[in-house]
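Peer 1: Pasting the sequence and the predicted model now:
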Amino acid sequence: MNATVVKVGIADLKVAKSPELLRTSGLGSCVGVVIYDLSSKIAGLAHIMLPSSELSKDKNQNQMKYADTAIDLLVQLLIDQGAKTYAMKSKLAGGAQMFTFTSSNDTLRVGKRNTEAVLKRLEKHRIPVIAKDVGGNSGRTIEFNTDTGMLKIKTVNQGIGEI
Amino acid sequence: MTYIDQLSNYHLDVLKEIGNIGSGNATTSLSKLLNRRVEMKVPSVRLLDFNEMMDIVGGAEEIVVSIFLRLSGDFPGNMFFVLSPTQAESFVHKITGDVQFSFDDLDEIGLSAIQELGNILAGSYLSALSDFTKLAIHPSVPSLTMDMAGAVLTQGLIELSQESDYAIIIDTIIKDHDSNHDSTNGHFFLLPDPGAFSKLFDALGVSE
């Protein structure tokens, strides 16, 4: 039986229930965060692009784009769908540095800043991080199994792994 | 109101012409370098959201060879030269004469050749642009990566994603005549930062 795959785009987030799979493709400096409640078999995935909504110059903010607002929104959506806050756990992947430059340009280190911002926000919600695969310089495609709580990670050079 | 709402159709035509001048020059360089015919399509200027941009190159997971330059000076922005791995390999074969080269086992000479190719093409694109607009454009050293399109291209969106969920993208498709693969089209992407437009239009005297 093939489970339905719920696709999450860039600066996007979705919630899914077992036996659905949550998937996002081509994470570079972006971070994919899964927050899940295995007892309720419900999970959400956010594809985060930037660390903080406070630095944004955009008036009509897309809350799904920033680590702080996306995680807040994701937690709320999960609660609305019946997940228990105390049972929530998290896994994340991404935050790579795709290009190396000698320049001091801050945007090139956005992967690391994204990861830090995500971890900080998860801590604020007291959601434990069970596993993470972050940094490096490879793009990642991730797929979360809402039934088993396993996160499958695919890269171009290292093939497929699971955390 | 965002910077995007301020652009008229007339401005989009100006951007298209910019792409035409730049990529016309670059395509000529490429053709000389490969010593064969290379065709270029009329550039398109499109307003795309981030996910639509990935679709142009075959989806976020599609593996692409990409040469990336960050532009600073009067015209800040990002530039990409994106190729399929097969197409990049065929370019390396032609330039180095080493038909064994493959991205499966990364060989220094081949990689260096493709990086230099990117350097030359971006250089001719940008110098044409700079001559036409009289703007000072300073490209960074080009950086070569082969990875998923989503991972690669989002790097060029970071700057403008702080202001908007859409990107103005000046896209030129180049078609290589010797290649048998129909799908292997290369792309020049020029992604100006939000702040780049007013200076550009001022320089060309079309700000209103």
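Peer 2: Received, thanks. Numbers count the residues shown, from 1 in each chain, chains lettered A, B, ... in the order given.
Peer 1: Run through the helices of the chain in chain order.
Peer 2: By default, I'm working from chain A. Chain-ordered helices for chain A, with DSSP state H as the definition, fall at A:67-80, A:110-124.
Peer 1: Sorry, I should have been clearer: chain B.
Peer 2: Taking DSSP H as the test, the helices found in chain B are B:9-34, B:50-56, B:85-96, B:108-133, B:149-153, B:158-161, B:196-203.
Peer 1: Just to check, A:S29 is in contact with A:V134?
Peer 2: No. A:S29 is beyond contact range of A:V134, at 10.5 Å (criterion: CB atoms under 8 Å). Any C-beta I mention is one placed from the backbone N, CA and C, and that applies to glycine too.
Peer 1: where do the contact lists of the two overlap?
Peer 2: For the pair A:S29 and A:V134, residues contacting each of them under the criterion CB atoms under 8 Å, 6 or more residues apart in numbering or on different chains are A:G94, A:G95, A:A96, A:G111.
Peer 1: Please report the distance of the closest residue to A:T69 other than its chain neighbours from A:L50.
Peer 2: Closest residue in space to A:T69, ignoring its immediate chain neighbours: A:Q63 at 4.0 Å, by CB to CB, 6 or more residues apart in numbering or on different chains. With distances taken as CB to CB, to the nearest Å, A:Q63 is found 11 Å from A:L50.
Peer 1: Find the nearest non-adjacent residue to A:T4, please.
Peer 2: Once flanking residues are discounted, A:T4 sits nearest to A:E20: 4.9 Å by CB to CB, 6+ apart.
Peer 1: Show me the shaky parts of chain B.
Peer 2: Chain B contains residues with pLDDT under 70 at B:1-6, B:103-107, B:176-184, B:208.
Peer 1: In it, what residue comes closest to chain A?
Peer 2: B:G150 (1.8 Å; CB to the nearest CB).
Peer 1: from what I can see that residue touches A:G28, true?
Peer 2: Yes. A contact is recorded between B:G150 and A:G28 when judged using CB under 8 Å, the distance being 6.6 Å.
Peer 1: Neighbour count: the two, which is higher?
Peer 2: For B:G150 versus A:G28, neighbours defined as other CB atoms under 10 Å in any protein chain shown are more numerous around A:G28 (32 against 29).
Peer 1: interface residues of chain B facing chain A?
Peer 2: Residues of chain B that fall close to chain A, judged by CB under 8 Å from any CB of the partner chain: B:2, B:50-51, B:54, B:59-61, B:63, B:68, B:70, B:140-141, B:143, B:145-152, B:154-155, B:157-159, B:161-165.
Peer 1: pLDDT below threshold where in chain A?
Peer 2: Low-confidence segments of chain A, defined by pLDDT under 70, span residues A:1-2, A:57-60, A:101-108.
Peer 1: roughly how far apart are B:S127 and B:D171?
Peer 2: In this structure, B:S127 and B:D171 are separated by 20 Å, where distance is defined by CB to CB.
Peer 1: the more surrounded of those two?
Peer 2: The neighbour count for B:S127 versus B:D171, taken as other CB under 10 Å, is higher for B:D171 (22 against 15).
Peer 1: ok, and the closest non-adjacent residue to the residue of chain A found nearest chain B?
Peer 2: Checking chain A residue by residue against chain B with CB to the nearest CB singles out A:G26 as nearest, at 1.8 Å. What sits nearest to A:G26 in space, not counting adjacent residues and going by CB to CB, 6+ apart, is B:G150, at 1.8 Å.
Peer 1: Give me the spatial nearest neighbour of B:S44, chain neighbours excluded.
Peer 2: With CB to CB, 6+ apart as the measure, B:D171 is the residue that lies nearest to B:S44, at 5.2 Å, once sequence neighbours are left out.
Peer 1: For the one you found, give the beta-bridge partners.
Peer 2: With DSSP bridges applied, the residues forming beta bridges to B:D171 are B:S44, B:F189.
Peer 1: In contact with it: list those residues for me.
Peer 2: Counting by CB under 8 Å, 6+ apart, B:D171 touches B:G19, B:P43, B:S44, B:V45, B:R46, B:I56, B:H187, B:F188, B:F189.
Peer 1: Report the separation between it and A:R126.
Peer 2: Distance check for B:D171 against A:R126: by CB to CB, it reads 45 Å.
Peer 1: Many thanks, I have nothing further to ask.
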